[in-house]
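Q: Show me the folded form of this:
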Amino acid sequence: MSVHSQAKRVTVPQLVAAKGERKIAALTAYIAPIARLLDEAVDMLLVGDSTAMVGYAMPDTLSITVEMMAAHSAAVVRATRHACVIADMPFGSYQQSPAQAFANAATLLSAGGASGVKLEGGQALADTTLFLVERGIPVLAHVGLMPQYVNTMGGFKAQGMTEAAARRIMDDARAHAQAGAFGVVLEGISEPLAREITAALPIPTIGIGASPACDGQILVTEDILGLSGERIPKFARRFADAGQVIQQAARDYAQSVREETFPTLTHCFGVRSEQ
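A: Okay, the predicted model is just below:
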């Protein structure tokens with residue numbers, strides 16, 4: 001009988017309990033190799049619909065499907081043991097009705113293995129949050145700059161910059177908290193507003209382009225690793241240049257092939273070793 005023990009995965013209640021106690025560190029992950037490397041360092045991995053742009057070079061997040069998200073989620077879950085894995089609900093998979101949202105969220109939990117889902121939207125989606133939570137699906141809300149609303153927002157623009165806009169976003173966040181969301185992502189909003197929302201809500205706020213005062217932070221992993229190209233968002237910071245490392249490795253490999261220094265017989269099968 002095996003006596004080895006498995007590390008326990010961070011749970012949604014543990015994320016909620018971090019409010020006021022410690023900061024929550026979160027990153028995105030879409031594939032197993034990256035997820036495996038990130039797992040021990042962070043509390044939460046988000047299988048974001050940004051997979052569409054980062055992983056598939058799509059112009060926005062609107063075209064990715066539930067089936068694609070479930071497949072990526074399953075890969076991330078299989079590759080990890082520690083981080084709580086949350087999956088984004090794709091555009092069009094939850095806006096029609098709470099029943100539609102439940103069916104697709106259930107797929108992300110059952111087939112994708114995620115511990116919860118994230119959905120974008122203001123007060124109009126609070127009833128959907130309530131519907132999911134009452135049926136056993138943890139919900140991470142997302143307000144402020146919402147990529148799935150890129151067409152109505154006129155692009156990826158900072159939100160909450162006027163008093164009326166700030167009041168609306170505060171009401172959005174409160175509505176989801178009251179509906180039972182375990183946390184709320186605050187993206188691309190004014191810093192004072194993010195600070196105010198964090199102080200007002202009983203649940204954790206996860207900032208991305210928001211405020212240091214948020215209960216946690218999340219970034220797109222490719223942005224912090226230098227894999228997103230030369231331009232990264234204002235709110236991101238490059239912590240390493242993995243892109244340069246990968247490019248150099250590819251150059252070294254190609255040069256070795258062309259110079260016939262790789263492979264050697266030590267890399268081949270059926271070769272007798274010299275006595």
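Q: which residue ranges form the strands in the chain?
A: Taking DSSP state E as the criterion, the chain carries its strands at 24-28, 44-47, 84-88, 116-120, 139-144, 183-187, 205-208, 216-219.
Q: got CSV for those, with distance to I169, mean pLDDT and mean neighbour count too?
A: For the C-beta atoms, the positions are set from N, CA and C on the backbone; glycine is no exception. Output for the strands of the chain, formatted as CSV (distance: least, Cβ to Cβ, whole Å; pLDDT from 0 to 100; neighbours: other Cβ atoms under 10 Å):
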stretch, distance to I169, mean pLDDT, mean neighbour count
strand 24-28, 20, 98, 24
strand 44-47, 20, 98, 30
strand 84-88, 20, 98, 28
strand 116-120, 12, 97, 25
strand 139-144, 6, 97, 29
strand 183-187, 8, 98, 29
strand 205-208, 12, 98, 28
strand 216-219, 17, 98, 22
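Q: Any idea which of the ones you listed gets closest to T261?
A: Of all the strands of the chain, strand 24-28 sits nearest to T261, with 37.2 Å by Cβ to Cβ.
Q: Among the strands of the chain, which comes closest to K8?
A: That would be strand 84-88 among the strands of the chain, by Cβ to Cβ, at 10.7 Å.
Q: Other residues contacting that closest one?
A: 9-12, 14-15, 29, 43-50, 69-70, 73, 76-77, 108-109, 112-119, 138, 140 (Cβ atoms under 8 Å, 6 or more residues apart in numbering).
Q: before we move on, the earlier item: for the strands of the chain, give me JSON lines that also has distance to Y253.
A: Listed next are the strands of the chain as JSON lines, based on distance: least, Cβ to Cβ, whole Å:
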{"stretch": "strand 24-28", "distance to Y253": "28"}
{"stretch": "strand 44-47", "distance to Y253": "30"}
{"stretch": "strand 84-88", "distance to Y253": "33"}
{"stretch": "strand 116-120", "distance to Y253": "38"}
{"stretch": "strand 139-144", "distance to Y253": "40"}
{"stretch": "strand 183-187", "distance to Y253": "38"}
{"stretch": "strand 205-208", "distance to Y253": "35"}
{"stretch": "strand 216-219", "distance to Y253": "30"}
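Q: among the ones you listed, which is nearest A194?
A: The nearest among the strands of the chain, by Cβ to Cβ, is strand 183-187 at 4.9 Å.
Q: what separates that closest one from the chain centre, distance-wise?
A: Relative to its chain's centre, strand 183-187 lies at 11 Å (Cα atoms, centre = their mean, to the nearest Å).
Q: Where does the prediction get shaky in the stretch 51-200 of the chain?
A: Along the stretch 51-200 of the chain, the model assigns pLDDT under 70 to residues 154-155.
Q: could you list every residue that touches A99?
A: By Cβ under 8 Å, 6+ apart, the neighbours of A99 are F131.
Q: Distance of I64 relative to M53?
A: Noted for I64: a distance of 9 Å to M53, by Cβ to Cβ, to the nearest Å.
Q: Please read the previous query as pertaining to A213.
A: Taking Cβ to Cβ, one finds A213 at 28 Å from M53.
Q: now swap in P204 and tell me
A: 26 Å.
Q: circling back: looking at I64 and M53, which is more packed in?
A: I64 (24 against 19; other Cβ atoms under 10 Å).
Q: That one is in contact with D49, isn't it?
A: Yes - I64 is in contact with D49 according to Cβ atoms under 8 Å; the separation is 5.4 Å.
Q: which residues do the two both contact?
A: The contact lists of I64 and D49 share P90, F91, where a contact means Cβ under 8 Å, 6+ apart.
Q: so who does A75 touch?
A: A75 neighbours (Cβ under 8 Å, 6+ apart): Y30, I31, A32, A35.
Q: again, 7 Å this time
A: The neighbourhood of A75, defined by Cβ atoms under 7 Å, 6 or more residues apart in numbering, consists of I31, A32.
Q: Okay, helices next: where are they in the protein?
A: All helices of the chain, identified by DSSP state H, fall at 12-17, 32-38, 51-56, 66-79, 98-110, 126-134, 150-153, 163-179, 191-200, 221-224, 242-258.
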